[in-house]
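A.B. asks: sequence first, then the predicted structure:
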Amino acid sequence: MTTATPEVVELALDVVKPHPHNARRVLRGIPALADSIKENSLLQSCVVAPIADGGYLLIAGHRRHAALTYAKLPTIRCEIRWDLDTEIKQRRAMLAENLQRDDFNEVEEGDAYQGLLDLGVGPAAISKASGRPQKVIRDRAKLASAPEHIRAGVITRDITLEQAVTMQRYEKSPEIYADLERALGTVNWKFAVERAKETDARTKARAKIRKALVAEGVRVFENNAALTKWLIAEQKARGVQLWSQILDDRPDDAASSPDVAATFGYNSTELLWERLAPIESVDVPAHPADPTADSADARAAEREAAAAEREQLAADLSTSATVRIEHLALVVKEGSDDIAQQCMLAAYTEQIDESDIAVLAYVARLLNIGAPTEPGATNAEWDAVVEGILTAVAKYTTAQLAILLRITESASLDENLTDPEHWHPTHYRRKALDRWRDELGTTFGYEWSDVEAELLTALAEAGAE
């Protein structure tokens, strides 16, 4: 029998089964509900769909079914929906019913969306049926594949929905995911998110470059360590001592020579081209095949490791700069009266630096205004940048302008913070840099990332000696 007309009947409790795809994971308050049903009877019918074996699947009323089971009552009043004859229809009906409940959390909602997506129902169709925007559907569906402890954290509000969704964007990149997870609940979250974006973009760009070069027949290595392994293997295979000679540019025989290879620069998409050659044919060797061959080579390896460490520090500081500028832009938009007063006082006690091109570029970046990035920009181009800045700040409050004035005055100092050398305790601008660092942490409320905090500690220790 198939009819679109629902009917309400009393069914034996044991022929009604919980739906295996019910999105609600936890049924709470069952004993109290059982007592209420015993005293007042079942006030609202459950909704069920018939199944082939003669039984029924619950669509709505899983808590009521659990309470009746707990109370050991024999029957359950149900509305039979003959029209819910496919899994898609059943899941849609369960989603519509659950969305009306206050205790239907984001994780359960995401599971419901993913279940429909797995059955081939698109975000547009789910949006039409549920009334939810497609972006909400896609974001929350990502939670279905999140680790259990992340899902639990969202439910308990220890992890925000935004944080969990951000992490799931990188679920196929274990190192990025782990980095983000370590940053949860710390001041480094924004830093970790920015670094995740940079790493992901760099990884995708490298993959594209590598694919194109390999298709040409070019040998490409991810880093210098991989290049060195290849060099040592070639040395053993050929029975001669080899060096890798650094080239100025890509050679014409890059795709055909067995001696040429390209290596990605540290934290970069730039390629370094090198050529294997017998040791006697190289006038000034770039680096040895076996860096542990003798003490001199060991020292070279140490220098290389130190250089890599400095490059990593510079990359981390660059990421911190991006986060810091985003923070300062937010401070400007908020326009705090207290901060404005402090900024104006500082403006009257210090000489305002002249705004050169570097400062204009910094302010343009701060205000999200386009500015020339290549050398040789004309005066007219920089005049346009100035006009854009003035147009942007024309609508600012006095407080916002005061904040922007102070940041502009310190633009060169803030740019210096991306350079590890400017964190050295004997740097000639130490006093001015200390003043700006102090303002960042107090006046502007900037929370230092771990890498910056370590450098601040080193500065403090050096000052105490």
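C.D. replies: Perfect, thanks for sending it.
A.B. asks: drop to CA atoms for contacts and neighbour counts, all remaining ones
C.D. replies: OK.
A.B. asks: for the stretch 1-150 of the chain, just list every one of the helices.
C.D. replies: Taking DSSP state H, counting those that start in this stretch as the criterion, the stretch 1-150 of the chain carries its helices at 30-40, 62-71, 87-98, 106-118, 123-130, 134-141, 148-155.
A.B. asks: just the CA coordinates for the helix or strand that comes right after the last one, please, in PDB.
C.D. replies: Okay, so that is helix 148-155. Counting by DSSP states H and E, the element after helix 148-155 in chain order, helix or strand, is helix 161-168. Presented in PDB, the C-alpha positions along helix 161-168 are these (Å, rounded to 0.1, in the frame of the first residue of the first chain):
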ATOM      1  CA  LEU A 161      32.900  26.600  14.600                       C
ATOM      2  CA  GLU A 162      35.100  29.000  12.600                       C
ATOM      3  CA  GLN A 163      38.300  27.400  14.000                       C
ATOM      4  CA  ALA A 164      37.100  23.900  13.200                       C
ATOM      5  CA  VAL A 165      36.000  24.800   9.700                       C
ATOM      6  CA  THR A 166      39.400  26.500   9.100                       C
ATOM      7  CA  MET A 167      41.200  23.400  10.200                       C
ATOM      8  CA  GLN A 168      39.100  21.100   8.000                       C
END
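A.B. asks: helix 161-168 packs against which elements?
C.D. replies: Helices and strands touching helix 161-168, by 3 or more C-alpha pairs under 8 Å, 6 or more residues apart in numbering; DSSP states H and E, are helix 148-155, helix 174-183.
A.B. asks: follow-up on the earlier one: winner for burial among the helices of the stretch 1-150 of the chain?
C.D. replies: helix 106-118 (a mean of 21; mean count of other C-alpha atoms under 10 Å).
A.B. asks: and the angle from it to helix 134-141?
C.D. replies: 100 degrees (axes from the mean of the first three to the mean of the last three C-alpha atoms, to 10 degrees).
A.B. asks: circling back to that earlier point, would TSV of the helices and strands packed on helix 161-168 with mean pLDDT be doable?
C.D. replies: What follows is these, written out as TSV (pLDDT from 0 to 100):
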stretch	mean pLDDT
helix 148-155	92
helix 174-183	94
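A.B. asks: among the ones you listed, which comes closest to residue 421?
C.D. replies: helix 174-183 (26.4 Å; C-alpha to C-alpha).
A.B. asks: give me the contacts around the closest one.
C.D. replies: 167, 168, 170, 171, 189, 192, 193, 196, 199 (C-alpha atoms under 8 Å, 6 or more residues apart in numbering).
A.B. asks: with respect to residue 386, which of these is nearest?
C.D. replies: Scanning the contacts of helix 174-183 for proximity to residue 386, where the rule is C-alpha to C-alpha, the winner is residue 193, at 31.2 Å.
A.B. asks: look up the closest residue to that closest one, ignoring the ones flanking it.
C.D. replies: residue 180 (6.7 Å; C-alpha to C-alpha, 6 or more residues apart in numbering).
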